[in-house]
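Participant: Build the 3D model from these lines:
(one chain, ligands or ions: 1)
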Amino acid sequence: MVATSEFILTETRNNTMIITINRPDKLNALNRQTIEELHETLVEAENRKEIRAVILTGAGQKAFVAGADIAEFANYSVEEGKSLSANGHFKIFNFIENFTKPIIAAVNGFALGGGLELALSCHMRVMSESAKMGLPEVSLGVIPGYGGTQRLAQLMGKGKAFEMILTADTITAQDAYQWGLANHVVAPEKLIDKCLEIAAKICSRSPTAVKTAIKVINAGFKSQMSGFELEIEEFGKAYGTKDFREGVDAFLAKRKAEFKGE
Ligand code: COA
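Facilitator: The predicted structure follows:
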């Protein structure tokens, strides 16, 4: 693994970049510097054409991310609180949701507050059996500020999201699986391998089609945009890509497609 910056480690395996948030002594809590460094790393992953998928995880055995850095925001004003949330949305949470390559959260331990919101913004979540999830913000007198009020309800339904956010209770990985938060739950030692397996499968598909599918699936959850209309529009555009040509030609010739992402 390469220390890309103080709090971020990266490793590339085939076409997948594994990004590790590396602040284990603070259970990988997201301070301002970590947010900036994570943003820069994501921009790099976006710009490197050979990277086709990203896995996001936390350093150490104990935590994925234990939330926003409580010590840092403890004395914030209303304006500072607002800007903390807006900056996070822009640089990390919306940025991840709208990323053009799939991002899989490998939830290796506590995913609390901003940590769960980080996992929720990823396209998929694979959880270790020992992971624990929760949005404890109301127990601190705030509400989830990194998209948790929206994305939790989208994934697990409104009733259960109300329960989790209003009680601030923590749930287990099995609960998360039952409620649609976790795509898979695996033994801790199998976590990264399972994510790599999913990533490898996606990497063998057309990058342009994968990118478009992410965009169109997201569109259905944005009230100002019709997902169906965008789907029709983008479905048509796919026909103009070389990947489409290659995919169809390979199918007809009964050979494996070699996609170039063009
Ligand atoms: N922000 C800043 N520091 C945090 C943190 C956070 N969200 N979560 C953990 N830490 C720090 C602790 O302050 C402690 O630092 P220290 O060793 O310098 O005192 C270190 O990480 C280890 O955490 P600790 O609380 O000692 O571990 P624990 O095993 O007793 O408890 C948790 C683990 C996850 C239950 C507990 O750390 C916790 O409740 N964290 C806050 C979760 C939260 O409310 N997140 C939402 C924020 S909006």
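
Participant: OK, contacts around whichever residue of the stretch 101-250 of the chain sits closest to the ligand?
Facilitator: Going by Cβ to the nearest ligand atom, the ligand is nearest to residue 113 of the stretch 101-250 of the chain, at 2.5 Å. (C-beta placed from N, C-alpha, C; glycine too.) Applying Cβ atoms under 8 Å, 6 or more residues apart in numbering, we find residue 113 in contact with 66, 67, 68, 134, 135, 136, 137, 144, 148.

Participant: Got the confidence number for the residue nearest the centre of the chain?
Facilitator: Nearest to the geometric centre of the chain sits residue 122, at 1.7 Å (Cα atoms, centre = their mean). For residue 122, the pLDDT comes out at 98.

Participant: How about it: what's its closest non-neighbour residue?
Facilitator: residue 105 (3.9 Å; Cβ to Cβ, 6 or more residues apart in numbering).

Participant: Which of the three states applies to that neighbour?
Facilitator: Secondary structure, DSSP: H, G, I helix; E, B strand; the rest coil: residue 105 is strand.

Participant: What of residue 76?
Facilitator: The three-state label given to residue 76 by three-state DSSP is coil.

Participant: ok, it - contacts?
Facilitator: By Cβ under 8 Å, 6+ apart, residue 76 lies in contact with residue 84.

Participant: Report the separation between the closest residue in space to the residue of the stretch 101-250 of the chain closest to the ligand that isn't next to it in sequence and residue 229.
Facilitator: Distances taken as Cβ to Cβ, 6+ apart place residue 67 nearest to residue 113, at 3.1 Å, with adjacent residues excluded. Distance, residue 67 to residue 229, using Cβ to Cβ, to the nearest Å: 37 Å.

Participant: Looking at these two, which is more packed in?
Facilitator: Of the pair residue 67 and residue 229, residue 67 is the one with more neighbours under other Cβ atoms under 10 Å, namely 27 against 11.

Participant: Phi and psi next, for residue 50.
Facilitator: Main-chain torsions, residue 50, degrees, to the nearest 10: phi -70, psi -20.

Participant: so the residue nearest to the centre of the chain makes contact with residue 104?
Facilitator: Yes - under the criterion of Cβ atoms under 8 Å, residue 122 makes contact with residue 104 at 6.2 Å.

Participant: list the residues that contact both of the two?
Facilitator: Counting by Cβ under 8 Å, 6+ apart, the shared contacts of residue 122 and residue 104 are residue 56.

Participant: hey, where'd the helices end up in the stretch 1-150 of the chain?
Facilitator: Assigned helices in the stretch 1-150 of the chain, in chain order: 32-47, 70-73, 78-88, 94-97, 114-121, 148-156 (criterion: DSSP state H, counting those that start in this stretch).

Participant: What lies in contact with the fifth one?
Facilitator: Think helix 114-121. With Cβ under 8 Å, 6+ apart as the test, helix 114-121 has contacts from 28-30, 56, 58, 63-68, 88, 92-94, 96-97, 105, 107, 111, 125, 133-135, 144-148, 151-152, 155, 181.

Participant: which of those residues are close to the ligand?
Facilitator: Among those, the residues lying close to the ligand (Cβ under 6 Å from any ligand atom) are 29, 66, 67, 68.

Participant: Just give the nearest non-adjacent residue to the first one, would you?
Facilitator: Looking back up the chat, that one is residue 29. Nearest non-adjacent residue to residue 29, counting by Cβ to Cβ, 6+ apart: residue 69, 4.4 Å away.

Participant: got it, and the second one?
Facilitator: Distances taken as Cβ to Cβ, 6+ apart place residue 27 nearest to residue 66, at 3.6 Å, with adjacent residues excluded.

Participant: go on, the last one?
Facilitator: Taking Cβ to Cβ, 6+ apart, and ignoring the residues beside it in sequence, residue 68 has residue 114 as its nearest neighbour in space, at 4.0 Å.

Participant: how about the nearest residue to residue 31 once chain neighbours are set aside, what does it touch?
Facilitator: Distances taken as Cβ to Cβ, 6+ apart place residue 69 nearest to residue 31, at 3.9 Å, with adjacent residues excluded. Contact partners of residue 69, counting by Cβ under 8 Å, 6+ apart, are 26, 29, 30, 31, 32, 34.
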